[in-house]
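>>> model the structure of this input:
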Amino acid sequence: MNFIASSTAFAAPDLIMIAIIMLVCGLPYVVVIGFIAARKGKSVPLFCLLCFIPLVNVVASIWLASLTDAAITARLAELEKRTPPKI
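Prediction:
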């Protein structure tokens, strides 16, 4: 019982330390994902926030990497408008 009471006294500093470690480890990831999201034409603040959630960041980065760039999509749309459809 004495061990449980003494371990709960350090819960708040441990959580603060974990939050600092997650912040420091996530910042480079946020920069990279922010550039990728801007290139893909998606919401940069949304994906930067998603990078701080441990398993969601991996899924979001894989999904972002698999998308077509916004510039390529715009060029394809322009080509579709210029070329008449063949029947």
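>>> how close does residue 84 get to residue 27?
Counting by Cβ to Cβ, to the nearest Å, the gap from residue 84 to residue 27 is 50 Å. C-beta: built from backbone N, CA, C; applies to glycine.
>>> give me the more crowded residue out of these two.
When residue 84 and residue 27 are compared for neighbours, residue 27 comes out ahead with 12 against 6, by other Cβ atoms under 10 Å.
>>> what residues sit buried inside stretch 47-62?
Under the neighbour-count criterion of 16 or more other Cβ atoms under 10 Å, stretch 47-62 has 47, 48, 50, 51, 52, 57, 60, 61 buried.
>>> now for the strand or helix carrying the second one, which elements pack on it?
Put plainly, it is residue 48. According to DSSP states H and E, residue 48 maps onto helix 44-50. Applying 3 or more Cβ pairs under 8 Å, 6 or more residues apart in numbering; DSSP states H and E, we find helix 44-50 packed against helix 11-40, helix 54-66.
>>> many thanks, I have nothing further to ask.
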